[in-house]
Every structure is written in C-alpha cells, then in structure tokens.
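Asks: compute the structure for the input listed below.
(chains A, B, C and D)
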There are 4 protein chains.
Amino acid sequence: MLSLYGEDIASRLLLGTAQYPSPSILAEAVRASGAGIVTVSLRRETAGGRTGGQFWELIRELGVRILPNTAGCHSVKEAVTTARMARDLFGTDWIKLEVIGHHDTLQPDVFGLVEAARILIEEGFKVFPYTTEDLVVAGRLLEAGCEVLMPWCAPIGSARGPVNPDALRSFRAEFPDIPLIVDAGLGRPSHAASVMELGFDAVLLNTAVAKAGDPAAMASAFAQAVEAGRRAFKAGPLEPRDMAVPSTPVIGKAVFE
Amino acid sequence: MLSLYGEDIASRLLLGTAQYPSPSILAEAVRASGAGIVTVSLRRETAGGRTGGQFWELIRELGVRILPNTAGCHSVKEAVTTARMARDLFGTDWIKLEVIGHHDTLQPDVFGLVEAARILIEEGFKVFPYTTEDLVVAGRLLEAGCEVLMPWCAPIGSARGPVNPDALRSFRAEFPDIPLIVDAGLGRPSHAASVMELGFDAVLLNTAVAKAGDPAAMASAFAQAVEAGRRAFKAGPLEPRDMAVPSTPVIGKAVFE
Amino acid sequence: MLSLYGEDIASRLLLGTAQYPSPSILAEAVRASGAGIVTVSLRRETAGGRTGGQFWELIRELGVRILPNTAGCHSVKEAVTTARMARDLFGTDWIKLEVIGHHDTLQPDVFGLVEAARILIEEGFKVFPYTTEDLVVAGRLLEAGCEVLMPWCAPIGSARGPVNPDALRSFRAEFPDIPLIVDAGLGRPSHAASVMELGFDAVLLNTAVAKAGDPAAMASAFAQAVEAGRRAFKAGPLEPRDMAVPSTPVIGKAVFE
Amino acid sequence: MLSLYGEDIASRLLLGTAQYPSPSILAEAVRASGAGIVTVSLRRETAGGRTGGQFWELIRELGVRILPNTAGCHSVKEAVTTARMARDLFGTDWIKLEVIGHHDTLQPDVFGLVEAARILIEEGFKVFPYTTEDLVVAGRLLEAGCEVLMPWCAPIGSARGPVNPDALRSFRAEFPDIPLIVDAGLGRPSHAASVMELGFDAVLLNTAVAKAGDPAAMASAFAQAVEAGRRAFKAGPLEPRDMAVPSTPVIGKAVFE
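Replies: Numbers count the residues shown, from 1 in each chain, chains lettered A, B, ... in the order given. Predicted structure coming up:
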C-alpha cells in the first residue's frame, strides 16, 4: 500500500477540487474517484467569507484527507504565508507546495521551491513539492527533508500527458525508494495508466476531471486506469520490440493440398 | 452494449489463447480478463491429436464464446480451407480472418484478405477481418459484407501500441457506425485505454497478456483499462492545449503584506 | 547517382508545380530547388486553352524533365485515360500514377493503383506509383513492373512529416535495391532530411514549397536538407541511446585544490 | 548575422573537439563543418604535457575562435577554477559553462550553474551557460548577466534529438531577443534542422559528428541542415494540418467519357 509521511493511503489517485461546475458535481466526482486525498486551495477558502465556509463543510462531509496547496503563489513569502494559514485553517501539517515561476506554463520556480520547502520543513510541515523532472532539483528537495516528490508530466492544465517519457523514466530510476506522484499535465486515463506503468506511485489530477463533460464518470475512469497501470507495472509488461514476432506460433500445421 | 453480428457482448476485451506458459495459466488469464470472446487458432487444434482435444476441453470449460482464427495462413486458399475446418470443428460461423502478407511484420495481405472475405461471406461466414488502417481496404471489406473491422495499431506482437494515432482517428471518423476492434500491436493497458478513448469499440489482445510476467494480473489490468478508456470516451475528455492554463483559478486572493 | 528507369538524375529533390502564387514564383522555386524533375498535372494543362499553353511554355523554359501525373483521378479508367493523354501532350512515357481512394486523406486506392499500373506498364509506360507504406501493395506494384516506388509519409498536403517512421524503416529494409521516393506529407526541411537519413533515395514535394511564405527560399532550404540527409545516411549516423554518455571524456584531470 | 557578445559569427554551427578518432580527422571535420567557433575542454589540455601542446597547435591552425568549456566539472568551485585557467591558457574571456549535476544524464546542476555564472560574470567573463529548458533557470541566468543561453534538447551524447519540442517552443517564445543555441542531444542533421526551424539561433554538436562513421562528411551534413533549417524558419513554413488537403487543385477537368 502507498505510504505518505507514514500514513497508509488506500487510493493512488489524488484529486484537486478547483474548477468544477458546482459543489455537488465536485462531491460526486470525489466519491466516484475513490480518492482518499483531495487538494484544496487556501486562496479560494479565504476568499469569500460564507462561500469559503460552505466549501469547507462540503469537503468535510466527503470524509477524505485534505492536502492544502499553495496554488497561485509566485514567491517564497507568499507560499510560506499561505502554508501557515492553511495549517491553521485545515488543521494539518501536510502542504502541497507550489511556487509558480511562470505565468503561462505555470512551471515551478525551482529556486523558490527549494527555499520554501526548507523553511516549511523546519517549521514541521510535511511538504509535497510540485516540481519539474529535474533530477538535481529533486535531490535538493530530498536534502531539504521532503519525503515525497510530485513531478509534472506536462504544463498544468495542458492535458497533454507525458511529453517527455524518457525524463520520467530517469526520474523513477533515480529515486527508487521515494514515493513519486505525477502531478499536472495528465489529460486522459491512458496518460495516467502510462505513468503508473512506469512505476510511479500515484497521480494527482484536477482539470482533466473538473472540465470533462461528465466529471464523475471521468473520475471513475481515471480511478480504473490508475489501478490498471499499477497492476500492469507489477505484472511485468512486455517491452516493445523493433520487429514483429508472430503472436500465434504454429505448433502443428494442417495439410491443405 | 457492444453488438457483433447481432449478438450482445458484455466485455469489450477479446483475448487470444496462444503462447501461454501453461493451460492453467491460460484459463486463469481468461477468467481474470472477463473476456466473453476468445480467439483460437485452428492450426494448433488440428495439430496434435490428444493435445488438441485437451485444449478444446479447456476452452469449453471457460464458458466463453469461441472466435476461431486463421492465424498463420498466407494465402486465400489456406485461409478459406482453415475457416471451413474451423466451422466444422468449433460449430460456429464466426471467423477471425487473417491472411498474412509478410513474414516479419505479419501485416495483412489486403488483396487476399478482401478476396477471402468475399468467398467466406458468400458461404455464410460472419467474418472478423484483421486489416490495416487503410480506409479503402476497409471500404472493400464492408462491400464484401463484413459487419465488423479489426484494424491493427502496430505489427502483431510488437507491443508498440498505437504507432499512428492520426490514422486511427481517421479510421474511426470514417466508419462511425461499424464496430471497430483494434487488433494487434497493443503492449500495455495504457495503449488499450488510448484507443478506447478514441472511440474504438473493443480491443483484441494476445501476446501482451500471454507473455507478461503474470498473465492473469495483466489480463485484469487490461480489462480495467479498456473500461476506463470507454468510460472516458463517453465522459467527454478534455482536448490537449498548446498553452498551459491555470488549474486552480484564483477566485479570491488573500492579502499577504 | 540516383537512377530512375535507366536515367541518371542529378538531384534527389523532385518538385510539384501546383498551387504557386504565380508562374514567375513557380519558375523561381524550381530554379532554387535545383530539381531535375518536376511533376505536372495533366488536368490543369488541358483545362484552359491559352493558359495551358503558357504554362507549358513556362515549364519548357525551365529545362527540367517533366513527370506528368494523374492527380485528381479517382478511378482506374480516369487514371489510365489521363496517362495516355499525358504521353501525347508531354511526349514522355513517364507517369506519376495517382489513383485517389479517399476524398479527405487523398490516400491511394491500392486496388485501383495496382490495376492501373499493370495496364499502363503493358502499354510501355514507366510508372512512378504514389502508394502507401503497405509492403504487400508495394510487392504487387513491383510484380506489375514498377521499377520505382513512391510511398507517402503522411496525407497529401498535411505537412505532418513522417507520422510512422517504423513503417518507413520496414519499407526501406524490405526493398533495398529499389529506388524509393517519399511522396506526400513532408512539411519542413527537417522532415525531408529525416527520411533521407533512413536511406530513402529522394523526396517529392509540392505544397510545402508552393504554400510557404517565400517559395523559392523554401525550395532552396529543402534542397539543402535533402543533401544533408543523404550525406548523413552515407556517413554512418550515431544511433540514439537510452542513457546519456559523456560527450567530453576526461583524458587527464587537472588538480584544483 | 548571428551576434554573440557583440561579435558577428558567420556560421550557426558550433563544434566540440572531443572524442574524434584522431587529430587529423578532427581538423578535417572542423573544416568541413564551416564552424567559426569550436569548444575545447580545458581538462584535456592541461592533462598531458606534450599532447596538450600539440592539440593546442592543431586548434590554432584551424583559424577558428575558441570557446573553452568546463566539461566534466561537478561543482561551482571546480567550474570557476577551470574557467579561470581557461582564460589564461586560451586568452579569451568567453567560457562555455558546464556544471554537471548528474553522472548519468549529465544534466546541468541548475543551482550551481546560476551561482557559477554570477561569479564569472563579475570577473568579466562572457558566459555561455549549458542549461535545461527550464524557463525560470533561464531567467536567473539572464539576470546574472548571461547574454546567450544554451539549452539542451536531450541528454548529452544521447543522440535522441529534441525529446520535448513543446518545451523548446516555449523557450524560444519566452526569450525572443536572446541568442539561443541548442546544445547537447542532437544526433542527426534532421534534428538540427528541426530546432533551427523553431527559430533557434544556432546549434552546438560534438558526439554526433565525432562518433559518426565519417566525421567530416557528417560535419558537412550538419552544416547544410543548419542552413536549411534557418532558411526554412525565415521562409515561413506551412503549419501541419489535421486533415489532408489536395496538393494539386483541379483548375480544369478533362472529359473522360
């Protein structure tokens, strides 16, 4: 079973809670996904007085673990402050750390990320860093005390799926014992299955579910795909071959003349 | 529900029965796959007296529908003769028609395929043709009376997955009302999910399951992936985007100064 | 040097003559390309009395060899009739044979193609067939008497470049001694270089040059890329590697402390 | 014309000097490439007394500009010390800065890279940083005073070509006015052409030439491909299309009945 910061997690699918058409559709999607962890953006929560409270009620009723995030933060200071507020508000020292470095691709600012991770870990946070596939950055995050890494596979919200599978393969090989969660860029269940087949431990989704025509059905499809990919990884998949080989060997041969 | 030649089929995963390490592992994999249809090579059945009979018993006990195939046939005559023998032996007019045109890639001989399809359909067979992604060949097969098409997505046994997704997309768009089963070339559950996401109706596997480290677990993984892909297709997946968009819109913004 | 039907051809770039903004830009592009062969659509020539004659004059002044084509023909009869008219009009038994099988992708009708090739070759034509990457179809074309094959790499005018490089590799390997010209689908010089690097003998372009912002400059760019690709093929390129290796081995090491 | 740190450079191909079978083959390849700049590893130069001196003579005779590099350096200290030694030895303040962060992929250590760049630029160096496609890292390098960036397109020596073209496109779009040289990972002339078609200003090669069967011929092939790609970029290439369009419009139509 997947273990994150010492806690056993039943599902290998984590779900974001932004951008759903309505709170009830969000609730339906979370249930359909079977996710045991959902991420929540503090910024939205603190935004609107009563709305925030209602949202918080909704999430609480789902009975899932909350992983607050620092989505939308573009500086170390902003991210650290948001994380502290999240700890107070949600009563958890888990934090999905985003320090956004670019307005368009929403790629992480790897410098700010490592710095913020250091600060927060010293304060007792359990940090889930949203990072790139850069192996050196990953190493720094581990040195800082992160026990989980969350590399992207494509820009946030792009739905492109793994644009650089070689890099993901290297990443998995480099950190065989660290829980690795692919975060950002997944668009379809096949994408999720493919990274699980590479041996990643879990995936985190948001846009691909929230913006689907039928979010709950899509959540359920992703849940199946994640399990399928995990099972395939453990079952020893065939490697692709350059040349075709017959799939039906002719043990005996009938006479046709 | 999937309907093939007027029969409702519960599962969208069809399984081949060649190349398994043992009969019991084959049986286990078929059960784990949930497949309602398995393909069987006549050539192996007629090969070995007692062995053939035992194999036949085994398949019968699985309680699944048999789709005999003409695997290994390289000419119209060979394929037609094999199909007739299969009808006698298995008591079905369903036939998966393979007329192999190339010893290495095992690509179909599209000329022989259309000719053999015409002959067999006149004799009352219900033909499931193993073909390429060629739209014109597909049209000829439909004219000949085929009501199902089985395009490859990569050479048989290559495990490469969809090497030409554009061609598969065109194929699906060209024949919106024909049941289309992707046959040959799938290596991993993510491959199966991806063609189902494109709207294909089912997949047929053999090598990817039979040669996996744990065939039954892999069969089960493929079954989940096929369902996931189908569900995603119907749930309206997000299209990939060129530029990233934020997955967590900032509805309200906290003050940090 | 490239030899086609017994004639030595200096350039490995063949150019189409349709869709240019103006006759003078066409002339400029042909000169910039260094092409020794251009294809001409009979249909346009017979279309407009005086316009046709002017176009013919223009081509004649370029001093290049004419390869008439049967572009736009959708049946064997149409293609054969067009080929015969082209022989009279252009005074050559060379014909680029297109039998279009699909209105959208403009893929060849492989059945009609083989049939038309047989008829024309019996009448003494030297046929350059526009075909797919199907190895069996290619074999039939050779049996019919074709001494050159022109596989597509993507749909005509799509500018997508080689969408299925594995298929092109198999095609080249299967017919080591036949001149193979990649026709249709090339969009950029890098695409042309890449198929030449695979060992193809030449490329045929039209849309990618005619519709470029500056057709003559683009023609010249393709000419360079074709030469680059050919040279690389002969120079023994490095195979891609799974793992990185240092590009600067440290023979000696300075002391830094 | 390409301008790097205020100097006009005639060729858009830069060449490394490591790994050649012999000094004379290196010399031949440099001449065939038309490169105006070659990179030289200090470590090799300081390594072997007489061998180093001979190598230096060889390079000097080629009449090209020297760009010393810090290949093989894994720390800021090592890289900075090497750069200083290079300035003395080669009499130039140009330095290709490599701070290697991973022994296998040879990816840059982006933290060390930015730090070393800052130190060297303060000492008056003109730094050419070997970096990843990370936009934030690139921004830091520019802030540090770099006026040129050298992103990789794949791991050093992998010969894989652009593994993440989307990232390269974003990189080019982000820094429209900075000279960008693709460094590392190119394996074939078509790879070089493709990055030039995206608008990159130049490429730097080593392994793909040095380890080719015929290095001088390969150098010449790359030179052509680089020019072809640049010319295509400026000539306004066609964008790929989803659907095929006819490449030979039928202006007039012959009568066939």
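
Asks: what ranges do the helices span in the stretch 151-257 of chain A?
Replies: Using DSSP state H, counting those that start in this stretch, the helices assigned to the stretch 151-257 of chain A run over residues A:165-174, A:189-197, A:207-210, A:215-235.

Asks: for those, which one ends up most surrounded?
Replies: helix A:189-197 (a mean of 31; mean count of other Cβ atoms under 10 Å in any protein chain shown). (Each C-beta comes from the backbone N, C-alpha and C, glycine too.)

Asks: and that one, how far from the chain's centre?
Replies: 12 Å (Cα atoms, centre = their mean, to the nearest Å).

Asks: could you do stretch A:145-157 as well?
Replies: 7 Å.

Asks: may I see the buried residues of it?
Replies: Buried residues in stretch A:145-157, counted by 16 or more other Cβ atoms under 10 Å in any protein chain shown: A:146-157.

Asks: closest to chain B among these?
Replies: residue A:155 (3.3 Å; Cβ to the nearest Cβ).

Asks: pLDDT weak spots in the stretch 101-250 of chain A?
Replies: Along the stretch 101-250 of chain A, segments meeting pLDDT under 70 span A:242-250.

Asks: what segments of it are strands?
Replies: Using DSSP state E, counting those that start in this stretch, the strands of the stretch 101-250 of chain A run over A:126-131, A:150-151, A:181-183, A:202-205.

Asks: using TSV, lay out those strands together with distance to chain C.
Replies: Below are these laid out as TSV (distance: least, Cβ to the nearest Cβ, whole Å):
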stretch	distance to chain C
strand A:126-131	21
strand A:150-151	18
strand A:181-183	21
strand A:202-205	24
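
Asks: specify the beta-bridge partners of the residue nearest the centre of chain A.
Replies: Nearest to the mean C-alpha position of chain A, by Cα atoms, centre = their mean, lies residue A:204 at 2.2 Å. With DSSP bridges as the criterion, residue A:204 is bridged to residue A:14, residue A:183.

Asks: what sits against it?
Replies: Residue A:204 makes contact with A:13-16, A:39, A:150, A:181-184 under the criterion Cβ atoms under 8 Å, 6 or more residues apart in numbering or on different chains.

Asks: and the furthest pair within the buried residues of stretch A:145-157?
Replies: Across the buried residues of stretch A:145-157, the longest distance by Cβ to Cβ is 27.0 Å; it joins A:147 and A:157.

Asks: picking that back up, which one of the helices of the stretch 151-257 of chain A lies nearest to chain D?
Replies: Nearest to chain D, of all the helices of the stretch 151-257 of chain A, is helix A:165-174, at 5.7 Å by Cβ to the nearest Cβ.

Asks: outside of the closest one, which residues touch it?
Replies: A:133, A:135, A:138, A:151, A:153, A:162, A:180, A:182, A:194-195, A:198-200, C:242, D:102, D:104-105, D:154, D:160, D:163-164.

Asks: list only buried entries from those.
Replies: Among the contacts of helix A:165-174, the ones that count as buried by 16+ other Cβ under 10 Å are A:133, A:135, A:138, A:151, A:153, A:162, A:180, A:182, A:194-195, A:198-200, D:102, D:105, D:154, D:160, D:163-164.

Asks: for residue A:151, which non-adjacent residue is spatially closest?
Replies: Distances taken as Cβ to Cβ, 6 or more residues apart in numbering or on different chains place residue A:133 nearest to residue A:151, at 5.0 Å, with adjacent residues excluded.

Asks: quick one: residues contacting that neighbour.
Replies: When contacts are counted by Cβ under 8 Å, 6+ apart, residue A:133 is found next to A:151-153, A:164, A:167-168, A:170-171.

Asks: can we see that at 7 Å?
Replies: Listed by Cβ atoms under 7 Å, 6 or more residues apart in numbering or on different chains, the contact set of residue A:133 reads A:151, A:164, A:167-168, A:171.

Asks: again with residue A:1
Replies: Taking Cβ under 7 Å, 6+ apart, one finds A:8, A:10 in contact with residue A:1.

Asks: do you know how far the residue nearest to the centre of chain A is from chain D?
Replies: Per Cβ to the nearest Cβ, to the nearest Å, residue A:204 is found 21 Å from chain D.

Asks: count of residues packed around the spatially closest residue to residue A:66 that is not a sequence neighbour?
Replies: Leaving aside its chain neighbours, residue A:66 sits nearest to residue A:90 (5.0 Å; criterion: Cβ to Cβ, 6+ apart). Residues lying near residue A:90 (other Cβ atoms under 10 Å in any protein chain shown) number 19.

Asks: same question, residue A:22
Replies: Residues lying near residue A:22 (other Cβ under 10 Å) number 9.

Asks: phi and psi next, for it.
Replies: The phi/psi pair for residue A:22 (degrees, to the nearest 10) reads phi -160, psi 160.

Asks: measure it to chain D for me?
Replies: Look at residue A:22 and chain D: by Cβ to the nearest Cβ, they are 33 Å apart.

Asks: likewise residue A:79?
Replies: Per Cβ to the nearest Cβ, residue A:79 is found 14 Å from chain D.

Asks: okay, that residue: pLDDT?
Replies: The score at residue A:79 is 96. That number is its pLDDT.

Asks: hmm, residue A:150 and residue A:131 touching each other?
Replies: Yes - in this structure residue A:131 lies within contact range of residue A:150 using Cβ atoms under 7 Å: 6.4 Å.

Asks: flag every residue of the stretch 101-250 of chain A that's near chain D.
Replies: Proximity of the stretch 101-250 of chain A to chain D is confined to A:101-102, A:105, A:107, A:109-111, A:132, A:134-137, A:140, A:163-164, A:166, A:170 under the rule Cβ under 7 Å from any Cβ of the partner chain.
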